[in-house]
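In: Pasting the sequence and the predicted coordinates here, then a few questions.
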Amino acid sequence: MAGHTRWVFGAWLIVLVALGSAAPSVFTSLAGAGWQADGSESVQVRELAQQHFGGNSSAAVQVVVHSDTETVDSPAMQRVLAGVTTEFAGDSRFGTVVPPQPGMTISPDGHTGILVAGANASTDDMVRAVDEHKQALTALSGEGIEVYPTGASALWSDFNKANHDAMIKAELFSWPVTLGIMVLAFGSLVAAGLPLLLTVAGLVASAGGLVLLNQITPISVWAMNFAMMFALALGIDYALFIVARFRDALTRAGSARAAVAETMDTAGKAVLLSGLTVLVSLSAVLLVPAPAVRTMAVGIMLAVVFVLAATLTLLPAALGGLGGRINAAALPYATRQQHRSPRFARWGELLHARPWPFAIAALAVLIGLAIPVLGLKVAMPSIQVVPADAPVRQGYELVQQQLGTGAPGALQIITPAGDAAETARIAAAGDGIAMVTPAQPAGDGSGLVMMQALPTVDPSDGQMGTILDGLRDRLPAGALVGGAPAENLDLQGALNHYLPIIVAVILALGFVLLLVALRAPLIAALGTLVSLLSTAAAFGVAKLIFQDGHGAGLLGFTPQGFLDGWGPVFFFAMIFAIAMDYTVFLLATAKEHYEHSNDPKIAHVDGLAHSGRVIFAAASVMVAVFFTFALAQPLPPKEMGIILGVAVLLDAIVVRLVLLPVLLRLTGHAAWWSPRWLRAVLPAIDFSHR
């Protein structure tokens, strides 16, 4: 790379221009829904509703029209309802429009009505349709009449917008903070700027790649949100490791090209293995049969691939071109900085001299924080994750006030016409059902009927699962139960089912990758286990904050009493990937010194002395990036920022700088031992430059 800088820069320029032309449309072109368990009963109900009942499915748009003075049948309200119908009429994505019906979608006092516009397109297209029409719909409000689009499609529209705005603000806030930390870590403006330029290249390429991939299969807009965060965090991580090693190699090598060769032969291998570990961890999430969850993983993986490619090609080319100018615009203290940090060397000597007190203290902290995870509860987000002034939340709360607590979460029952009477009788007699609407026959002669069962509780109430299970157990065999609450519960069931499988797959693959990299089964197993322990501790803290509400006032949110349902699956993969990132950096450096000296003490102390500052600086950047998301108003980005920030903090300080070095000290030569048969099977990966 360093010997062909013009070719490398030229190739990247072509890639960035080609993909960058598509990048600006990334947030408008990506999908907004996909939160469903493919193949579930609730998804079958939605598909049947769209085929046979004019699109009156969970994706239908419900427009709440309310007046304190006018009734639904008054001329003023009828004019507004006509305006709503006209707004939908010109868009083929909307199916049959059903005006407010007495006894079903009109409140007892007659002042609130719900117009339903059927879904004639995919859930993603329906969210886009709401994006395009909700401003015109809310503009129909006036003269004492309020208009609010609501329903699942409107919920995802407002939810995605609120979260997107929060993510962008957090990203913009994190960039100057990140640059400040980088300047302090490197002591040079040029060296600090390189990782940010690298990250921008990875972000632009991944944004364009997601837009192109979206032409093949719908990609969730959340994929780009997570990709932005991970590209920034990992891009800086990798560049820190490479640039720090290059500056050290430059002091010994005869040329910039030789310094790049030494850097990539040592730190470059560690970065490649770290990137593969991240990709492997995230690939396990693809097992979950939920489009939004899968595409979020794909988005991050695409960003990691581009950042990794830039780190292994563009960065060494830039370093070869810069040479000694990497230290340009240096701060005064930077000239005295050594790659082998005397401070971290002294810390390593202290850990080597007194391993047991530090081991016990680190384990006590991690186990103490991990214990609360045993009481962790998960559920899909409630309406509270949407800002209070969002139209969908105002309409939702209005429906509850006028039609009952469970009215926004009606369960849809589709059954053969011959079973309609029996189905209605059993459903109405069930616990937790306030009323069942009259059966509506399909208009296409399919012999199916649909009825709505209104629960007595809020759709996000913990009893909703019991009510749904009770209905499904009692109803005739041909009856299917769906609706928005059922889709959430089916998705939660799928996430719960796949969580232990994903954890097992990630742990197994993580161990195998460490084993291949280090050719040492004991330290590979210990590295995997301590990563699991730090991940459990992060979720224990999440339980205390987001479920129990400790610090909720300080952080500015109202606890839901549970963690968002997709959190354990997705955050586990993300946290474990980051934890293994630091594990590879530390152990690869330690193994390099063990290969040179065959002395476990030198491996332990010098491994920490040469990687400690980089790990500390990289963790500082990651914590700063993640904690900026804690300032977001919507709850999901706040959860993500705090959980990932705490995870990195614990992992870098307690695990990588205390527990793992102590384990190296206690295991001695055994840490690096490998049986002969295993060495014969595994590839020979050498971390020392010869």
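Out: Sure thing, it's come through.
In: Now for the nearest residue to W12 once chain neighbours are set aside: which residues touch it?
Out: With sequence-adjacent residues excluded and distances taken as Cβ to Cβ, 6 or more residues apart in numbering, W12 is closest to L314, at 5.3 Å. Quick note: C-beta positions are derived from backbone N, CA and C, even for glycine. Shown in contact with L314 (Cβ atoms under 8 Å, 6 or more residues apart in numbering): M1, V8, F9, W12, L198, A201.
In: Quick one: these as TSV, columns for pLDDT and neighbour count too.
Out: Listed next are these as TSV, based on pLDDT from 0 to 100; neighbours: other Cβ atoms under 10 Å:
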residue	pLDDT	neighbour count
M1	91	21
V8	93	20
F9	93	15
W12	93	18
L198	80	23
A201	87	24
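In: Out of those residues, which comes closest to T28?
Out: In terms of Cβ to Cβ, no member of the contacts of L314 lies closer to T28 than A201, at 22.4 Å.
In: Surely that closest one touches F9?
Out: No. The criterion here is Cβ atoms under 8 Å, and A201 misses it with F9 at 10.7 Å.
In: returning to that earlier point: now flag whichever of the contacts of L314 is closest to Q62.
Out: A201 (44.2 Å).
In: and the closest one, that's in a helix?
Out: Yes. Membership of A201 in a helix is supported by DSSP: H, G, I helix; E, B strand; the rest coil.
In: ok, now how distant is it from L30?
Out: Applying Cβ to Cβ, to the nearest Å, the value for A201 to L30 is 21 Å.
In: Check F546 too.
Out: F546 is 27 Å from L30, by Cβ to Cβ.
In: swap in A520?
Out: 43 Å.
In: Now stretch 398-412: average pLDDT?
Out: In this model, stretch 398-412 has a mean pLDDT of 92.
In: and what of stretch 91-109?
Out: Mean pLDDT, computed over stretch 91-109, is 91.
In: Could you check how far the residue of the chain most remote from its centre is from S67?
Out: Distance to the chain centre peaks in the chain at P75, reaching 48.0 Å (criterion: Cα atoms, centre = their mean). Distance, P75 to S67, by Cβ to Cβ: 12 Å.
In: Going by neighbour count, list what's buried in the helix or strand hosting A205.
Out: Using DSSP states H and E, A205 sits in helix 189-214. For helix 189-214, burial by neighbour count (16 or more other Cβ atoms under 10 Å) applies to 191-192, 194-196, 198-211, 213-214.
In: and the helix or strand that contains S157, how far from the chain's centre?
Out: Using DSSP H and E, S157 falls within helix 152-186. For helix 152-186, the separation from the chain centroid amounts to 13 Å (computed by Cα atoms, centre = their mean, to the nearest Å).
In: Kindly confirm my reading that D91 is in a helix.
Out: No. In this structure, D91 is coil, not part of a helix, as judged by three-state DSSP.
In: shouldn't it be in contact with A129?
Out: Yes. With contacts counted by Cβ under 8 Å, D91 reaches A129, the gap being 6.2 Å.
In: between the two, who's got more neighbours?
Out: A129 (24 against 13; other Cβ atoms under 10 Å).
In: Give me the nearest residue to the more buried one, chain neighbours excluded.
Out: R93 (4.5 Å).
In: Identify the residues contacting that neighbour.
Out: So R93 contacts A119, N120, A121, D125, M126, R128, A129 (Cβ under 8 Å, 6+ apart).
In: closest to P416 among those?
Out: A119 (22.9 Å).
In: gap between the closest one and T217?
Out: 20 Å.
In: do the same with L471
Out: 33 Å.
In: Name the SS class of E146, please.
Out: strand.
In: quick one: average pLDDT of stretch 49-57?
Out: 91.
In: Send me that stretch as CSV with only the CA atoms.
Out: What follows is stretch 49-57, C-alpha atoms only, in CSV (Å, rounded to 0.1, in the frame of the first residue of the first chain):
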residue,chain,number,x,y,z
ALA,A,49,-56.2,-8.5,6.1
GLN,A,50,-54.4,-6.9,3.3
GLN,A,51,-55.5,-9.5,0.8
HIS,A,52,-59.2,-9.9,1.8
PHE,A,53,-60.3,-7.0,4.0
GLY,A,54,-59.3,-3.9,2.0
GLY,A,55,-56.0,-3.5,3.9
ASN,A,56,-57.6,-3.1,7.3
SER,A,57,-54.5,-4.6,9.0
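In: what sits up against it?
Out: 45-47, 58-60, 94-96, 98, 116-120, 412, 414, 440, 442-444, 446, 448, 450, 482.
In: Show me which residues of it are buried.
Out: Applying 16+ other Cβ under 10 Å to stretch 49-57 flags A49, Q50, H52, F53, G54, G55, N56, S57 as buried.
In: which residues of this protein score low on pLDDT?
Out: Filtered on pLDDT under 70, the chain yields the residue ranges 33, 329-339, 687-690.
In: Show me where the stretch 501-650 of the chain has its helices.
Out: 521-542, 552-555, 567-597, 600-628, 635-649 (DSSP state H, counting those that start in this stretch).
In: As a check, name the ranges of all strands in the stretch 201-350 of the chain.
Out: Using DSSP state E, counting those that start in this stretch, the stretch 201-350 of the chain contains no strands.
In: any chance you could map the helices in it?
Out: Using DSSP H, counting those that start in this stretch, helices in the stretch 201-350 of the chain cover 221-250, 256-283, 291-309, 315-322, 342-353.
In: CA-only coordinates of the helix or strand following the last one in PDB, if you can.
Out: Toward the C-terminus, helix 342-353 is succeeded by helix 355-370 as the next helix or strand (DSSP H and E). Backbone C-alpha positions of helix 355-370 (Å, rounded to 0.1, in the frame of the first residue of the first chain) are rendered in PDB as follows:
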ATOM      1  CA  PRO A 355      -2.200 -10.100  41.400                       C
ATOM      2  CA  TRP A 356      -4.600 -11.500  43.900                       C
ATOM      3  CA  PRO A 357      -6.000  -8.300  45.500                       C
ATOM      4  CA  PHE A 358      -6.600  -6.800  42.000                       C
ATOM      5  CA  ALA A 359      -8.100 -10.100  40.700                       C
ATOM      6  CA  ILE A 360     -10.500 -10.300  43.600                       C
ATOM      7  CA  ALA A 361     -11.500  -6.600  43.400                       C
ATOM      8  CA  ALA A 362     -12.100  -6.700  39.600                       C
ATOM      9  CA  LEU A 363     -14.200  -9.900  39.900                       C
ATOM     10  CA  ALA A 364     -16.200  -8.400  42.900                       C
ATOM     11  CA  VAL A 365     -17.000  -5.300  40.800                       C
ATOM     12  CA  LEU A 366     -18.100  -7.300  37.700                       C
ATOM     13  CA  ILE A 367     -20.000 -10.000  39.600                       C
ATOM     14  CA  GLY A 368     -21.700  -7.400  41.800                       C
ATOM     15  CA  LEU A 369     -22.900  -5.400  38.800                       C
ATOM     16  CA  ALA A 370     -23.900  -8.600  36.900                       C
END
